[in-house]
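Asker: My questions concern the predicted model and sequence given below.
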Amino acid sequence: MTKLRTFCTVATNSYLPQVRVLARSLRRHHPGARVFFLLADKKDERLLKPDEPFELIELAALGDFQTIERMCFYYTAFELCNALKPFLHEYILSQTDADEWIYFDSDIRAFQPLDPVFADLQGASILLRPHATHPVPDSFSDLNYPAEAKLLQWGIYNGGFLGLRRSEEAREFVAWWKKHLIHDCYHKQWKITVDQLWLNLVPHFFKNCATCVHPGANVAYWNLHEGTFEKHFDGTLLFNGSPLLFFHYSGWRIDDKDRVSRHSRFFDSRTVAHWSEISDTYARELLENGYEALQQCAYGFANFDDGYPIPLRARREYLALVKSGEAENFAPFSSRVLLKRMRRRRLLQRSMKNLLPAVIRRKLARAA
């Protein structure tokens, strides 16, 4: 009897087509699989279909309403999706009987059954996948910024894939990761790189942590230097001589299909064998799953309650209030109160900046 598999992902409404493609590809290779989708957005019934290939989890189901509401405000949509990952794992631990499961970013598509990945999870509590398992040739470096330095900046492990087996250690890991991501999951700020850099510590903090090194797992622009795509006589796509299990379309754009990712100038249909097939298949499936209608879908937490767009500085201002313990009397989506406090702080900073040179000038004048 085939074991029923469990998978999960998190995304906003605008990524519903990607979630559908991911879920359907998983169920194609694992019939009956449970695919949990945590919606990091406001639910809109008009966007959902009766036959969705996933089980929807709304933010309200996570509990701790105040923490979730605050995160929805002080994080951007991208940051929020990453910060909610441990909450999703916590939900599966507490609300399901799954013994093991895999998290995928929504921009992933499965090409083969993932039994080799689950095999890597046997005997471990946590399964991680490095961005790369071979040195990056100098030819793939950008000017004075080597590719391997980028790997150090992003994190050793890719946060778009993670496997967990139900255990006390898995619970401890989820609680530890959650503690950090509640307040420290930034994108391009303070060199945090959302959830990924925290994963560098996991093999050192948690004993039963395994590494997935299957060549066909989590193939993306960051590890294409490790091999090439080939076609087996039965039509199976291979990467570096092994079946392509799943591809991560990070940075891929439907209006620039020939290019593997907007994050790399090295890989496209001219330099990557069979890329047109991999790209065209994904584009077709996205369109079949509502891409054109949903790509411009508005993010539910983009505005204050009065409709005013929330600037990034307002999000960070509120986060500072939360960290300092001053946020208790502030409703996060109330623009009037928050912006008023921001204006007062900016005026004070400007006044202090202008006052300091005047004080110095007076002291110099007295000394003369």
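Answerer: Yep, it's here.

Asker: Number of residues surrounding residue 15?
Answerer: Neighbour count for residue 15, taken as other C-beta atoms under 10 Å: 25. C-betas here are computed from N, CA, C, even on glycine.

Asker: measure it to residue 203 for me?
Answerer: Going from residue 15 to residue 203 by C-beta to C-beta, to the nearest Å gives 30 Å.

Asker: for residue 154, same thing?
Answerer: 17 Å.

Asker: centre of the chain versus the helix or strand where residue 203 lies, how much separation?
Answerer: Per DSSP states H and E: residue 203 is located in helix 202-205. Chain-centre distance of helix 202-205: 20 Å, with C-alpha atoms, centre = their mean, to the nearest Å.

Asker: Going along the chain, name the strands of the stretch 151-300 of the chain.
Answerer: 161-165, 209-211, 229-231, 237-239, 242-243, 246-248 (DSSP state E, counting those that start in this stretch).

Asker: model confidence over the helix or strand harbouring residue 70, on average?
Answerer: Take DSSP H and E as the rule and residue 70 turns out to sit in helix 65-74. Across helix 65-74, pLDDT averages out at 95.

Asker: What residues sit buried inside it?
Answerer: 68, 70, 71, 72, 73, 74 (16 or more other C-beta atoms under 10 Å).

Asker: Regarding the closest residue to the fifth one other than its chain neighbours, what is its secondary structure?
Answerer: The spatial neighbour of residue 73 that comes closest, neighbours along the chain excluded (C-beta to C-beta, 6 or more residues apart in numbering), is residue 332 at 3.6 Å. In the three-state summary, residue 332 is assigned as coil, counting by DSSP: H, G, I helix; E, B strand; the rest coil.

Asker: Residue 159 against residue 83, yeah?
Answerer: No: using C-beta atoms under 8 Å as the test, residue 159 is too far from residue 83 to be in contact (10.8 Å).

Asker: coming back round to it: tally up the residues packed near the residue nearest to residue 73, please.
Answerer: 24.

Asker: Same check on the one 5 residues further on?
Answerer: Each residue near residue 337 was counted by other C-beta under 10 Å, and the total is 12.

Asker: Distance check, the closest residue to residue 43 other than its chain neighbours against residue 41.
Answerer: Of all residues not flanking residue 43 in the chain, residue 58 sits nearest, at 5.6 Å (C-beta to C-beta, 6+ apart). Per C-beta to C-beta, residue 58 is found 9 Å from residue 41.

Asker: Quick check on those two: which one has the bigger neighbour count.
Answerer: residue 41 (26 against 11).
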